[in-house]
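Pasting a predicted model and its sequence here:
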Amino acid sequence: MPFISIEIISLVYQALNKDAEICVPYFQGYPEHPAGFSKKYREYLMQLSGDIGARKVLKKFENKICKIHVDDPNILLVIDVSADIPS
């Protein structure tokens, strides 16, 4: 997530420090990175493996998600391998 701004990370962090259990930024209705989780979800996250990441936990607890609407399309950039890096 090299293009995620410190402001986005800060918004997720602040929401978790208030009362949010799970926090996800959204750009124009699309959710992406970085999702934040309270300590309550540690065990669920520790059991994850493979390429699905935290999506399984997000789906299971979708009613607990605090949505943060942001104006930064960089949250939609998923870079798993060097070929994914925009030129």
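The structure has been received and is ready for your questions. These figures come from a predicted structure and were not determined experimentally.

so what strands line up beside the regular element (helix or strand) spanning V24?
Per DSSP states H and E: V24 is located in strand 22-27. Pairing partners of strand 22-27, with direction, according to DSSP bridges: strand 30-31 (antiparallel), strand 36-37 (antiparallel), strand 65-69 (parallel).

could I get these as CSV with mean pLDDT and mean neighbour count?
The way it works is simple: take the backbone N, C-alpha and C, and place the C-beta from them, glycine included. Shown next, in CSV, are the strands paired with strand 22-27 (pLDDT from 0 to 100; neighbours: other CB atoms under 10 Å):
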stretch, mean pLDDT, mean neighbour count
strand 30-31, 93, 14
strand 36-37, 96, 22
strand 65-69, 96, 15
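
what's the closest of these to A83?
Closest approach to A83 among the strands paired with strand 22-27 is made by strand 30-31 (21.9 Å; CB to CB).

how distant is the strand holding V24 from the center of its chain?
Between the centre of strand 22-27 and the centre of its chain there are 6 Å (CA atoms, centre = their mean, to the nearest Å).

Just the buried positions in it, please.
Buried positions in strand 22-27, judged by neighbour count with 16 or more other CB atoms under 10 Å: 22-25, 27.

can you pull the contacts of the residue nearest the centre of the chain?
Taking CA atoms, centre = their mean, the centroid of the chain lies closest to A35, which sits 1.8 Å from it. Going by CB atoms under 8 Å, 6 or more residues apart in numbering, A35 touches 12, 22-24, 54, 58.

Please identify which of those residues is nearest to L48.
A54 (6.6 Å).

tell me the pLDDT at the nearest residue to the closest one once chain neighbours are set aside?
In space, A54 comes closest to A35 once its chain neighbours are excluded; the distance is 5.6 Å by CB to CB, 6 or more residues apart in numbering. On the pLDDT scale, A35 is placed at 95.
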